[in-house]
Structure formats: C-alpha cells, structure tokens
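*Asks:* Sequence and predicted structure are below.
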Amino acid sequence: MLTGILVMAYLVVVVVWADQASPSLVAWVSRAVPRWTGGSVAGAAVFAATVQLGGMLLSIACWAGAITTGESTGERWLAALWGIPMILVSAPLAYGFVPARTQPPYKRIRGALVRRGATARQARAAAWAAGPLACFAAGAAFIPLPLLMLSE
C-alpha cells in the first residue's frame, strides 16, 4: 500500500517538474540549434536527435544504476536515488519535445526554434527528428522506477 502511494507521488512529482522545467530546456535547445548548426538543416536534425538520445541514455544509465543498487543492497530507497538525475534533466527534456495533441505537430517547439534564430526548415527538421525520440525518452524517464519499486 505504502509503495503504491510512493509510486503515485513520484509520478506526480516527475510530471509537475517536467512541466515546469521543460520550457527552460527547450529554450536552451532552441538557442543552441542555430548557433551550433551554422544554418544547416541536416545539422539541426542531428543536433536535436542527439540531445534527445543523450537524455534517453541518461535515463537508461540511471535505471541500470537503480537496478544494480536495488539488487545488491536490497534497499529500494537507495535504488530510487538514481532517479534524481533523470528527474532533473531527462524527464523535462523529453516532455518538452513530445507533440501536443491540441496543436499541429510540433508547433510549439518549431515556434521556439524560429523565435531564437533557426530557419523554418531547420525548426521543422529539428522538431521531426527529436519529437519521435522524445516519446521513447519519456517512456524511459517515467516508466522504469515505478516498476522497480512495485516489483517483488
């Protein structure tokens, strides 16, 4: 019972944090795309995809550490500490790039990219390269820790 309550509280905290922190991380990516890609459409797509993959790898590394810690010590709360870097970085990054159901695909992220100096083609390429990966990254960020905590 207590574990279930903790899992629900964890998920609420992650979603609220991701919602609050994602605009900052999206702004950072939006500023970095035109600066680091030099006007290249392919470079914008590769950069945005690389950022999402980096966030996903951070999540996977955190979950591997959590599983190892949980198995070796038997203490689930120590395993849960591995989720902190994921909560701070990976979850908001994934959440910021997931397409909204109420708008045309990736309108929000494309608008942020264009406002910060990317061309419309760069913004479209970056959004479509990072968006599908963000859906997988969100799964990597939100799903494993509750499963770890609920497993016997």
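*Replies:* Noted; the coordinates are in hand.

*Asks:* Where do the helices of the protein begin and end?
*Replies:* Taking DSSP state H to define them, one finds helices in the chain at 2-37, 41-73, 76-81, 83-85, 91-97, 107-115, 120-142, 144-150.

*Asks:* and those as TSV, adding mean neighbour count?
*Replies:* All C-beta atoms are positioned from the backbone trio N, CA, C, and that covers glycine. Listed next are the helices of the chain as TSV, based on neighbours: other CB atoms under 10 Å:
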stretch	mean neighbour count
helix 2-37	15
helix 41-73	18
helix 76-81	16
helix 83-85	16
helix 91-97	26
helix 107-115	19
helix 120-142	21
helix 144-150	18
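
*Asks:* will you turn these into CSV that also has mean pLDDT?
*Replies:* Putting the helices of the chain into CSV (pLDDT from 0 to 100) gives the following:
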stretch, mean pLDDT
helix 2-37, 79
helix 41-73, 85
helix 76-81, 70
helix 83-85, 72
helix 91-97, 80
helix 107-115, 85
helix 120-142, 84
helix 144-150, 64
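
*Asks:* Please report how far the residue most central in space within the chain lies from Gly131.
*Replies:* Centroid check for the chain by CA atoms, centre = their mean gives Ala94 as the closest residue, at 2.4 Å. Here the criterion is CB to CB, to the nearest Å. By it, Ala94 lies 10 Å from Gly131.

*Asks:* With Pro23 instead?
*Replies:* Distance of Pro23 to Gly131, given as CB to CB: 16 Å.

*Asks:* swap in Gly38?
*Replies:* Remark: distance between Gly38 and Gly131 (CB to CB) = 22 Å.

*Asks:* cool, and Leu81?
*Replies:* Remark: distance between Leu81 and Gly131 (CB to CB) = 31 Å.

*Asks:* swap in Ala91?
*Replies:* Counting by CB to CB, the gap from Ala91 to Gly131 is 16 Å.
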